[in-house]
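*Asks:* Have a look at this prediction, sequence included:
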Amino acid sequence: AQSVTQLDSQVPVFEEAPVELRCNYSSSVSVYLFWYVQYPNQGLQLLLKYLSGSTLVESINGFEAEFNKSQTSFHLRKPSVHISDTAEYFCAVSGIGSYIPTFGRGTSLIVHP
Amino acid sequence: GAGVSQSPSNKVTEKGKDVELRCDPISGHTALYWYRQRLGQGLEFLIYFQGNSAPDKSGLPSDRFSAERTGESVSTLTIQRTQQEDSAVYLCASSGSGLANEQFFGPGTRLTVL
């Protein structure tokens, strides 16, 4: 079984500031890792994922996440946020060989002008 | 359709009534998932379909909850004798058949049990 902890329920930041959304997981097997984003009044959509290979993965809109096996973390970062990044962000983990991901509680990113 | 659709978008019902929630996945997606999202909480897995069969229904919270899928397409989640604690957003997602495939989510059905 896997579990996911998103340490912050809300992260308020000012526009153009850097941000880090934290995600830690536990698992007895190797994992796949995901970040999903839910914009206001929309469904969840995949932001980025780690399956294997390079531990640093990037999205098309400037977010990146680094898989750290020793710390069992997959923190999401962006060097400069925009108002349009305001959304709920969910970290998810899936054990290799499993079709069922486990989702964290979500972190609400609030970007202020 | 272009994405996953769910109906109704909102449902208000009285305690004790039965409700049916519908999910139309992306055409060709063999995997279909149902989740529940309570206010301020993460996604709670309910059931997973591969084709029309449900190899994992471990997340269904009680025997009042059931789901079926037909034609490797539409799925219906049924909640019998609804209780106030069933109030939540019910999300459906579909994906291809491989492991670690991206899940495509519908907009959800917001269920309120009075």
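*Replies:* That came through fine.

*Asks:* neighbouring contacts of stretch A:15-24?
*Replies:* Here stretch A:15-24 makes contact (C-beta atoms under 8 Å, 6 or more residues apart in numbering or on different chains) with A:4-8, A:11, A:13, A:33, A:35, A:65, A:71-83, A:85, A:89, A:91, A:104, A:107, A:109, A:111-113. For the C-beta atoms, the positions are set from N, CA and C on the backbone; glycine is no exception.

*Asks:* and stretch B:16-33, C-alpha only, in PDB?
*Replies:* Output of stretch B:16-33 as PDB, limited to C-alpha atoms (Å, rounded to 0.1, in the frame of the first residue of the first chain):
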ATOM      1  CA  GLY B  16     -32.900   7.700   2.300                       C
ATOM      2  CA  LYS B  17     -33.400   8.200  -1.500                       C
ATOM      3  CA  ASP B  18     -31.400   6.400  -4.100                       C
ATOM      4  CA  VAL B  19     -29.200   8.300  -6.600                       C
ATOM      5  CA  GLU B  20     -27.500   7.400  -9.900                       C
ATOM      6  CA  LEU B  21     -24.400   9.100 -11.200                       C
ATOM      7  CA  ARG B  22     -23.300   8.700 -14.800                       C
ATOM      8  CA  CYS B  23     -19.900   8.800 -16.400                       C
ATOM      9  CA  ASP B  24     -19.100   8.900 -20.100                       C
ATOM     10  CA  PRO B  25     -15.400   8.100 -20.600                       C
ATOM     11  CA  ILE B  26     -13.200   9.100 -23.500                       C
ATOM     12  CA  SER B  27     -13.900   6.700 -26.400                       C
ATOM     13  CA  GLY B  28     -11.400   3.800 -26.500                       C
ATOM     14  CA  HIS B  29     -10.300   4.200 -22.900                       C
ATOM     15  CA  THR B  30     -10.500   0.700 -21.300                       C
ATOM     16  CA  ALA B  31      -9.900   1.800 -17.700                       C
ATOM     17  CA  LEU B  32     -12.400   3.800 -15.700                       C
ATOM     18  CA  TYR B  33     -12.200   5.000 -12.100                       C
END
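
*Asks:* buried set for it?
*Replies:* Using 16 or more other C-beta atoms under 10 Å in any protein chain shown as the test for burial, stretch B:16-33 gives B:19, B:21, B:23, B:24, B:25, B:26, B:29, B:30, B:31, B:32, B:33.

*Asks:* Same list, the residues you listed, but as CSV with distance to residue B:92 and pLDDT please.
*Replies:* Below are these laid out as CSV (distance: C-beta to C-beta, whole Å; pLDDT from 0 to 100):
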residue, distance to residue B:92, pLDDT
B:19, 14, 98
B:21, 8, 98
B:23, 3, 97
B:24, 8, 96
B:25, 7, 95
B:26, 11, 94
B:29, 11, 92
B:30, 14, 91
B:31, 11, 92
B:32, 7, 94
B:33, 7, 94
